[in-house]
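K.L.:
sequence below, structure please.
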Amino acid sequence: MKNTKYLLYITIILLLIIIISSSTYIVKESNQVIITQFGKPVGSTVTAPGLKFKIPFIQKTNYFEKRYMEWDGDPNLVPTKDKMFIFVDSYARWHITDPLQFFKRLTNERGAQSRLDDIIDGETRDYVAAHNLVETVRNSNRVPATSGVVSEEIGDSLVEISIGREKIQTMILNSSNEKAKDLGIEILDFRFKRITYEEKVRQQVYNRMNSERYRIADKYRSEGQGEASRINGEKERELKTIQSEAFKSAEEIKGKADAEAAAIYAAAYDRSPSSRDLYAFLKSMETFEKTFDNQTSIILSTDSELYKFLKRMK
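P.N.:
As a prediction, this is how the structure comes out:
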């Protein structure tokens with residue numbers, strides 16, 4: 001009898017626990033809840049965190065994220081307006097703005113991801129196909145930050161763009177939000193994660209880049225050779241100028257020295273007859289030294305000044 005009574009008490013306690021647990025639920029700060037009754041939403045969205053109550057066994061809780069969520073697309077091969085095939089890999093951030101509408105249209109986050117695949121991938125394909133390749137790659141007409149001739153050459157060879165990558169991303173974002181406005185979600189941001197060329201296009205781009213670099217290198221080389229020739233010419237001209245100036249200075253010094261020597265000789269010559277004879281003798285000896293050697297034979301007149309000194313020596 002007592003065992004039956006205890007069993008009854010335990011059964012009642014378990015039933016109370018089950019009823020209480022099924023009639024309460026907890027809302028976290030990162031969640032928002034829709035209550036459904038027989039599969040249909042009832043009441044408004046519960047967004048305030050805390051312990052909440054519902055009708056047990058009849059009503060069901062459906063939890064949705066309140067935080068921003070990520071959409072990561074798969075790389076797709078897309079043709080551009082100028083018939084270039086590229087792989088476009090993109091990503092986006094989105095969140096639930098109307099949980100009730102979200103539940104009615106998409107049911108859960110898996111359904112939302114599938115719907116976003118259709119919307120964002122479709123808009124990306126449409127807008128990439130509507131623009132040239134250069135528009136999807138570049139953001140502006142700014143010349144790349146390189147140095148000297150390379151910067152000017154690249155700047156001259158770049159095609160002018162009017163839209164650019166940033167604006168295309170914004171257009172895809174706006175168009176995707178327009179198509180998703182009745183789904184209870186908002187796409188916050190869209191970006192191209194990666195754009196790569198198809199193998200055939202990639203090889204063409206590499207070849208063009210190589211030829212461009214070779215052309216710039218040849219221009220550098222030719223300009224360097226021209227500069228080297230100019231420097232060598234200036235060096236030769238300066239060297240000749242220095243040599244001519246040095247020769248001029250040397251000749252001037254020699255001329256001054258000869259003038260001083262002549263003045264000394266003249267002064268010595270004018271002092272006395274003996275000095276004049278000594279001067280004449282020295283000049284004659286200098287003439288002998290510069291004119292004759294051991295193999296020289298000469299014929300002198302008896303009236304010659306040289307003969308006079310030779311006769312005295314004899």
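
K.L.:
so which residues make contact with stretch 55-72?
P.N.:
The contact list for stretch 55-72, computed with C-beta atoms under 8 Å, 6 or more residues apart in numbering, reads 19, 22-23, 25, 29-38, 42, 47, 54, 91-96, 99, 102-103, 108-109, 113, 116-117, 120, 187-188, 193. Where you see a C-beta, it was placed from the backbone N, CA and C, and this is true even at glycine.

K.L.:
which ones among these are found in strands?
P.N.:
Among the contacts of stretch 55-72, DSSP state E puts 25, 31-37, 42, 91-96, 187-188, 193 in strands.

K.L.:
filter these to the buried ones?
P.N.:
Neighbour counting by 16 or more other C-beta atoms under 10 Å classes 25, 31-36, 92, 94, 96, 187 among those as buried.

K.L.:
okay if I get the residues you listed as a markdown table plus pLDDT and distance to Ala263?
P.N.:
Listed next are these as a markdown table, based on pLDDT from 0 to 100; distance: C-beta to C-beta, whole Å:
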| residue | pLDDT | distance to Ala263 |
| --- | --- | --- |
| Tyr25 | 87 | 128 |
| Asn31 | 92 | 119 |
| Gln32 | 93 | 119 |
| Val33 | 92 | 124 |
| Ile34 | 91 | 125 |
| Ile35 | 90 | 130 |
| Thr36 | 90 | 131 |
| Ala92 | 96 | 104 |
| Trp94 | 96 | 108 |
| Ile96 | 94 | 115 |
| Ile187 | 95 | 106 |
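
K.L.:
of these, which pair is most distant in space?
P.N.:
Taking C-beta to C-beta as the measure, those reach their widest spread between Tyr25 and Ala92, a distance of 31.1 Å.

K.L.:
for Asn128, what are its contacts?
P.N.:
For residue 128 the amino acid is Val, not Asn. Applying C-beta under 8 Å, 6+ apart as the definition, the contact partners of Val128 turn out to be 78, 80, 86, 88, 136, 168.

K.L.:
rerun at 10 Å
P.N.:
Shown in contact with Val128 (C-beta atoms under 10 Å, 6 or more residues apart in numbering): 76, 78-81, 86, 88, 90, 135-136, 168, 172, 192, 195.

K.L.:
narrow the residues you listed to those in helices?
P.N.:
135-136, 168, 172 (DSSP state H).

K.L.:
taking those together, which two end up most distant?
P.N.:
Spatial extent of the ones in helices among the contacts of Val128 (C-beta to C-beta) is set by the pair Glu135 and Ile172 at 12.7 Å.

K.L.:
neighbour count: these two, which is higher?
P.N.:
Counted by other C-beta atoms under 10 Å, Glu135 and Ile172 do not tie: Ile172 has more neighbours, with 25 against 22.

K.L.:
I'd assumed Ile120 was in contact with that one.
P.N.:
Yes - shown here, Ile172 and Ile120 form a contact pair, counting by C-beta atoms under 10 Å, at 7.2 Å.

K.L.:
identify the contacts common to the two.
P.N.:
Both Ile172 and Ile120 are contacted by 90, 92, 187, 190, under the criterion C-beta under 10 Å, 6+ apart.
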